[in-house]
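Undergrad: kindly generate the corresponding structure for this input.
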Amino acid sequence: MSTLNDVVERIVKDRDIDKDSATGAAREFLGQLERLDRTAIDEGDLNEDHAGAIYDAVTGWLDSQSDADVALDEVADAAEKLAVSQAECEFLASVRDQAVVRALQAGASVVDTARSAGVARNSVYEIKRRTTLNRG
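TA: Residues are numbered from 1 along each chain as shown. Okay, the predicted model is just below:
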């Protein structure tokens, strides 16, 4: 026989969780067991099946939370990298646009400028129009 506290101590030892959180989770799952079995279960006198079920439920929940936390960290990292990349892309597009306008002003043809910039000829005209409008 075990106590709920024994199960909690084992969870705390095996997983990265504080005792209060482990106790709360264990009591939650104990309540679910009571509802499932339709009987009151004494926290101070758990049979091995109940102790094992509570341990497995809490550690399984913690493991699923860990997977979710890892996934959320990956989402946050990707979002941060994307934001940095977007800002860098916008900056580089601005540098390219200014170079396109300077090339045209220096007498380069639209075809040569488009080829050098890696854009279509229509894009060169749009870059020139947009850059000229932004200068005011």
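
Undergrad: CA only for contacts and neighbour counts going forward, please
TA: OK.

Undergrad: now do the host helix or strand of R35: which elements does it pack against?
TA: According to DSSP states H and E, R35 maps onto helix 19-37. Packing partners of helix 19-37 (3 or more Cα pairs under 8 Å, 6 or more residues apart in numbering; DSSP states H and E): helix 4-14, helix 48-105.

Undergrad: same for the last one, what does it pack against?
TA: Think helix 48-105. When contacts are defined as 3+ Cα pairs under 8 Å, 6+ apart, helix 48-105 sits against helix 4-14, helix 19-37, helix 110-117, helix 121-135.

Undergrad: redo these as TSV? Include mean neighbour count.
TA: Converted to TSV, the helices and strands packed on helix 48-105 look like this (neighbours: other Cα atoms under 10 Å):
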stretch	mean neighbour count
helix 4-14	18
helix 19-37	16
helix 110-117	16
helix 121-135	14
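
Undergrad: ranking the helices and strands packed on helix 19-37 by burial, who's on top?
TA: When the helices and strands packed on helix 19-37 are scored by mean count of other Cα atoms under 10 Å, the highest mean neighbour count falls to helix 4-14 (a mean of 18).

Undergrad: for the worst-scoring helix or strand of the chain on mean pLDDT, name the packing helices and strands.
TA: Within the chain, no helix or strand scores below helix 121-135, which has a mean of 89 by mean pLDDT, DSSP states H and E. Judged by 3+ Cα pairs under 8 Å, 6+ apart, the packing partners of helix 121-135 are helix 48-105, helix 110-117.

Undergrad: what's the closest of these to Q32?
TA: Of all those, helix 48-105 sits nearest to Q32, with 9.5 Å by Cα to Cα.

Undergrad: what is the orientation angle of the helix holding R35 with helix 48-105?
TA: Put simply, helix 19-37 runs at 120 degrees to helix 48-105, going by axes from the mean of the first three to the mean of the last three Cα atoms, to 10 degrees.
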